[in-house]
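Novice: From the sequence below, what's the structure:
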Amino acid sequence: MITNPLRGGDNVPLVVIPQIAFYAEDWFFDNGRLGYSLFQTSTHQLNIVSELNTESRFFIDWHPDNVFTLQGSADSPFYLQAAEASSVKNINLNDLHKRHLALDTGLAYHYVNDHHVFSVQVLHDVTNVYNGVRGAFQWQYHTQLGPINIKPSFGLNYKSAELNTYYYGLKDGETLLGKVEVGSSWQPYAKIDAKFPLSDDYSVRFHLAYYDYSAIDDSPLLERDYSMTAFLGLERTF
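Specialist: Sure thing, here's the model as predicted:
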């Protein structure tokens with residue numbers, strides 16, 4: 001399950017998760033990430049990468065009935081006063097304009113030192129959806145505990161004001177509260193991935209991730225300042 005931090009948003013169930021990867025000499029496709037290697041050694045790797053922006057995953061499915069349905073009439077002075085008093089908390093997500101998918105393209109650099117992998121990437125929206133940038137710094141450690149392969153990761157995501165405003169702000173006409181902009185943010189995250197092999201083809205897979213959204217807690221759409229991903233299941237490798 002992926003928990004949805006938005007008001008009235010559905011959590012996303014994780015039932016079957018395909019993992020598809022193909023690597024040629026220079027080109028590669030890895031779980032939705034298309035890339036071309038500009039430079040690679042056993043220690044350094046610099047790639048051009050392109051992938052869909054992940055922020056829209058929270059806007060795909062909603063409950064049929066939203067818990068935070070606007071109460072009262074738009075012509076009622078009492079409603080306007082209540083809306084101002086509660087800031088922007090009473091929002092019906094069904095009234096929002098659609099948040100579109102964006103394709104981001106940029107550079108990703110990886111430095112490998114023994115079991116440590118340090119990564120930096122900077123991507124820009126090339127589809128004119130939000131017209132902003134995002135970046136990330138990540139440290140990942142590869143280790144073995146008996147037969148179990150473990151990969152903890154810690155990172156920091158940068159998201160520009162254009163990105164945050166498009167996905168987590170309010171546009172003119174969406175509510176009576178008018179336009180709301182959200183500034184740029186630095187958002188930490190932590191992940192751990194573990195795999196226990198049962199055979200050459202089957203493994204037990206565990207994944208847990210925590211993404212902090214407190215840097216954009218001024219967004220009127222957020223109900224919680226974090227999102228978590230949790231998965232425990234059987235992995236089949238073909």
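Novice: Where does pLDDT dip in the chain?
Specialist: 60-90, 92 (pLDDT under 70).
Novice: how close does the residue nearest to residue 185 when sequence neighbours are not counted sit to residue 131?
Specialist: With CB to CB, 6 or more residues apart in numbering as the criterion, residue 185 has its nearest non-adjacent residue at 3.7 Å, and that residue is residue 215. Any C-beta I mention is one placed from the backbone N, CA and C, and that applies to glycine too. From residue 215 over to residue 131 the distance is 20 Å, taken as CB to CB, to the nearest Å.
Novice: cool, and residue 29?
Specialist: According to CB to CB, residue 29 and residue 131 sit 26 Å apart.
Novice: Kindly state the beta-bridge partners for residue 154.
Specialist: Taking DSSP bridges as the rule, residue 154 bridges to residue 139, residue 190.
Novice: if we can go back for a sec, the residue nearest to residue 185 should be in a helix, yeah?
Specialist: Yes - membership of residue 215 in a helix is supported by DSSP: H, G, I helix; E, B strand; the rest coil.
Novice: That one contacts residue 168, correct?
Specialist: No - Residue 215 lies out of contact with residue 168 (CB atoms under 8 Å); the separation is 10.8 Å.
Novice: higher neighbour count, the two?
Specialist: Counted by other CB atoms under 10 Å, residue 215 and residue 168 do not tie: residue 168 has more neighbours, with 24 against 19.
Novice: Look up phi and psi at the more buried one.
Specialist: Per-residue torsions, residue 168: phi -120, psi 0 (degrees, to the nearest 10).
Novice: What ranges does the protein have for its strands?
Specialist: Remark: strands assigned in the chain by DSSP state E are 21-23, 27-30, 33-40, 44-52, 103-113, 116-125, 133-141, 143-145, 148-159, 185-197, 202-212, 226-236.
Novice: ok, the residue positioned nearest the centre of the chain to residue 153 distance?
Specialist: Nearest to the mean C-alpha position of the chain, by CA atoms, centre = their mean, lies residue 54 at 4.4 Å. Relative to residue 153, residue 54 is positioned 15 Å away (CB to CB).
Novice: which residues touch residue 222?
Specialist: Contact partners of residue 222, counting by CB atoms under 8 Å, 6 or more residues apart in numbering, are 5-7, 168, 213, 216.
Novice: Now with 7 Å, please.
Specialist: 5-6, 168, 213, 216 (CB atoms under 7 Å, 6 or more residues apart in numbering).
Novice: what's the burial count for the residue lying closest to residue 157 once chain neighbours are set aside?
Specialist: Spatial nearest neighbour of residue 157, chain neighbours left out: residue 187 (4.6 Å); criterion: CB to CB, 6+ apart. When neighbours are counted by other CB under 10 Å, residue 187 registers 20.
Novice: again, but for residue 25
Specialist: Close neighbours of residue 25, defined as other CB under 10 Å, add up to 7.
Novice: quick revisit: relative to residue 12, which of the strands of the chain is closest?
Specialist: strand 226-236 (8.7 Å; CB to CB).
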